[in-house]
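**Q** I need the structure of the sequence given here:
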Amino acid sequence: MLGVQGTLLPKTIGNGLKGLVQANEAERLRLAVAGARQAIFDWTIADDMVVWDGAHAVLAGHVDIARLHTGKGLCGWMSEKGREKLLGLVNEHNPPEPGFELEFETASLPSEWFELRAVRLVNSAGKTERVAGVIRAVTEQKQMVTRLTYLAAYDELTGHLNRTRLREELTRAIAQASANQKHCAYFVASIDKLAVINETYGFDAADEVIVATGRKLSETLRAGDAIGRTAGNKFGIVLSECGEQEMASVAERLRAALRADVIQTGAGKVSATISIGAVWLPAHGCTSQEAMLHAEQALEAAKASGRNGFVVYKRSSQKETMRRRLVTIADDVLEALDDHRLVFAYQPIVGARSRLPEHYECLLRLAHKDGSIAAAGEFIPAAETLGLVRLVDRRVLEMAVAQLYANPKVKLSINVSGTTAGDPSWLQSFITYVRENREVAERMTIELTETAALHAFEENARFVSRLRDMGCRVAIDDFGAGYTSFRNLHNLRVDMVKIDGAYVKELTASPDNQLFVRTLVDLAKNFRLETVAEWVDSENDAQLLNKFGVDYFQGYWFGKPDMAPHWPAAKPN
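**A** Residues are numbered from 1 along each chain as shown. The predicted structure follows:
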């Protein structure tokens, strides 16, 4: 057979379209298969000979092609499992379908994966006389699927369960305990002062501390227990069987495991401790959502007393009222997502000189079934507490992209919550969605809060860089609230800072705020960053901000959030 990559392909391409027209049907077929990076084979069973077309182009570097000219050699290239499956298909009597496909792993090390698609030609007795088909390398695709499957259940950094899988384990443990009239427990352990470790030793050292903490905790648990990473510095632990009096001793063992030895990192030795919040189940939580919420409440109490604390959740009327309110809000958010009742109110951001809208900030609202509207502050904190904010942020992105397509002359900015900004897998999905809608990316600004951007600095620096490479602009919201250095912002490569409205409101009456804002603006200009002043509510404040050199204004003086703005129409084609 003609070697497609060696002779036919260059010749046909050299002749251009005319060459394609003149090529006979078999040659065009070979050309298409070669373009798909597939090798054609024809295996006659009687003499065990295999004839190849395109094997050198597709399989060279993977296997000695000379081995593959017999069926025995082809099968010997495969792992035992792949070989048995192929021979089983070939030896099948009167197969119901002539075509078949299989993925096989090679017997060589390092092993590779290939996909084989073929047809069986049988004689009158129902036995296969000939097998013809194609083979292509699928190692990269197989590794990608394996990786995605792994990340669907496990945390990439620590290798422990992710929050979703841990919650499934917790649900199972509660159900089993209830059915058997026994008890289990859920702990949430938080590494104390991880932000200080970040600042002192660097982010790589902090990651090493997280990994070492997870390992030490895991080594302390029993075989039937489960551990997962639920947030940046937090681990959730499911104790499958646990009496109420045992909880304190288990917590002490876990804390002692961290106190016993310092953690060796690339930046030096680090001493770490953990604080633990715990809840006894199902007595104080009938669902995984309740259990996680109660454990977080106990953790907050443990951290309030300092480092290395431990608190067990105790039901109180005040906390129970708060819990019910959080659960109710969570249900409202989930229903709103299903019913598409999350909507935007758009607030204009105007040029300081032109006083005309340059772009609009998308402010999230929840439309209740009774027609009332809830501002983001009424439901986002609960969504963050209960782990729903990732779903909300994804919907926000989808809604903004849809509006940008519908209004090609409008520029929009959207917010990414602090919880989401610390989730590497979510950030990757965000990047992927923006890439899929790259044609509108240049009209989109992504706003990160100052504290969230610096919480996972290196991850967010990569996130910002990739957004800007696709044409998005990136702004730091509420700047000034965290007293972050401008050098950090410069390293993040953001385009814009939005000055915290607390320093702008009634600016003309506060000399201290005037000094602070003027200093921020001067520093921003030195780093070539644009500035937006929030909460501009008077002409006097606007004139003063303009004098300071602020680039944009946002506030009620220039426009309240509007759910049905009058945007400029697109020019007709």
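**Q** which stretches of the stretch 351-500 of the chain have low pLDDT?
**A** For the stretch 351-500 of the chain, the stretches with pLDDT under 70 are 421-422, 450-456, 480-490.
**Q** For the helix or strand where Val343 lies, C-alpha coordinates in CSV please.
**A** Applying DSSP states H and E as the criterion places Val343 in strand 342-351. Included here for strand 342-351 are C-alpha records, laid out as CSV according to Å, rounded to 0.1, in the frame of the first residue of the first chain:
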residue,chain,number,x,y,z
LEU,A,342,-31.1,35.9,39.3
VAL,A,343,-31.1,39.3,37.5
PHE,A,344,-28.8,42.3,37.1
ALA,A,345,-29.2,45.9,38.0
TYR,A,346,-26.8,48.0,35.9
GLN,A,347,-25.1,51.0,37.4
PRO,A,348,-23.2,53.3,35.0
ILE,A,349,-19.5,54.1,35.5
VAL,A,350,-19.0,57.5,33.9
GLY,A,351,-15.9,59.3,32.6
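**Q** Which residues in that strand does the neighbour count mark as buried?
**A** By neighbour count, with 16 or more other CB atoms under 10 Å as the criterion, the buried positions of strand 342-351 are 342, 344-350. For every residue, glycine as well, the C-beta is placed using N, CA and C.
**Q** and of those residues, the nearest to Thr519?
**A** Of all the buried residues of strand 342-351, the one with the least separation from Thr519 (CB to CB) is Ile349, at 22.1 Å.
**Q** So which of the buried residues of strand 342-351 is the closest to Asp469?
**A** Of all the buried residues of strand 342-351, Asp469 sits closest to Ile349, with 23.5 Å by CB to CB.
**Q** any low-confidence regions in this protein?
**A** Within the chain, the stretches falling below the threshold (pLDDT under 70) are 1-29, 316-320, 323, 421-422, 450-456, 480-490, 568-573.
**Q** Quickly list the domain ranges of it.
**A** 36-139, 152-315, 324-553 (automatic domain parsing).
**Q** any chance of the ones you listed in a markdown table, with distance to Asp562 too?
**A** As requested, those are arranged in a markdown table below (distance: least, CB to CB, whole Å):
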| stretch | distance to Asp562 |
| --- | --- |
| domain 36-139 | 52 |
| domain 152-315 | 35 |
| domain 324-553 | 6 |
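**Q** So for His566, which of the ones you listed sits nearest?
**A** Each of the domains of the chain has some distance to His566 by CB to CB; the shortest is domain 324-553, at 10.4 Å.
**Q** roughly how far out does that closest one sit from the chain middle?
**A** The chain centroid and the centroid of domain 324-553 are separated by 19 Å under CA atoms, centre = their mean, to the nearest Å.
**Q** cool, stretch 134-142 as well?
**A** Once both centres are worked out by CA atoms, centre = their mean, stretch 134-142 turns out to sit 26 Å from its chain's centre.
**Q** For it, C-alpha coordinates in PDB please.
**A** C-alpha atoms of stretch 134-142 as PDB (Å, rounded to 0.1, in the frame of the first residue of the first chain):
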ATOM      1  CA  VAL A 134      -7.600   2.200  11.900                       C
ATOM      2  CA  ILE A 135      -5.500   2.900  15.000                       C
ATOM      3  CA  ARG A 136      -4.700   6.200  16.600                       C
ATOM      4  CA  ALA A 137      -2.900   7.300  19.700                       C
ATOM      5  CA  VAL A 138      -5.100   8.500  22.500                       C
ATOM      6  CA  THR A 139      -2.700   8.700  25.400                       C
ATOM      7  CA  GLU A 140      -3.200  12.500  25.900                       C
ATOM      8  CA  GLN A 141      -7.000  12.200  25.800                       C
ATOM      9  CA  LYS A 142      -6.900   9.300  28.200                       C
END
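**Q** Name the residues that touch the strand holding Val343?
**A** The set of residues that contact strand 342-351 without belonging to it, under CB atoms under 8 Å, 6 or more residues apart in numbering, is 336, 356-367, 373, 392, 395-396, 399-400, 403, 412-413, 532, 551-554, 558-563, 565.
**Q** Of these, keep whichever come out buried.
**A** Buried residues within these, counting neighbours by 16+ other CB under 10 Å: 336, 357, 359-367, 392, 396, 399-400, 403, 412-413, 532, 551-554, 558-559, 561, 565.
**Q** Now, those residues that are in strands?
**A** Members of those lying in strands (criterion: DSSP state E): 357, 359-367, 412-413, 532, 552-553.
**Q** of all those residues, which comes closest to Tyr154?
**A** Tyr154 has its nearest neighbour among these in Leu364, at 31.1 Å by CB to CB.
**Q** show me the contacts for the closest one.
**A** Leu364 makes contact with 342-344, 376, 380, 392, 396, 415, according to CB under 8 Å, 6+ apart.
**Q** Please name the bridge partners of it.
**A** Here Leu364 sits in beta bridges with Phe344, as judged by DSSP bridges.
**Q** Look up how far Gln543 lies from it.
**A** Computed with CB to CB, to the nearest Å, the distance linking Leu364 and Gln543 is 31 Å.
**Q** ok, Phe516 touching Tyr503?
**A** Yes. Contact status for Phe516 versus Tyr503: in contact at 5.5 Å, counting by CB atoms under 8 Å.
**Q** ok, the two, which is more surrounded?
**A** With neighbours defined as other CB atoms under 10 Å, Phe516 and Tyr503 compare such that Tyr503 has more, 21 against 17.
**Q** quick one, phi/psi of the more buried one?
**A** Recorded main-chain torsions at Tyr503 are phi -90, psi -10, according to degrees, to the nearest 10.
**Q** Do I have it right that it meets Val517?
**A** Yes. Checked against CB under 8 Å, the pair Tyr503 and Val517 is within contact range at 5.5 Å.
**Q** circling back to that earlier point, the inter-axis angle of the strand holding Val343 versus strand 357-367?
**A** Between strand 342-351 and strand 357-367, the angle comes out at 160 degrees (axes from the mean of the first three to the mean of the last three CA atoms, to 10 degrees).
**Q** Start at 9, not 1
**A** Will do, 9 is the new start, and the previous item becomes strand 350-359.
**Q** Turn the contacts of Leu372 into CSV, columns for distance to Leu262.
**A** Compiled in CSV, those are given as follows (distance: CB to CB, whole Å):
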residue, distance to Leu262
Leu350, 39
Val351, 45
Phe352, 45
Ala384, 37
Ile388, 32
Val400, 33
Val404, 37
Asn423, 36
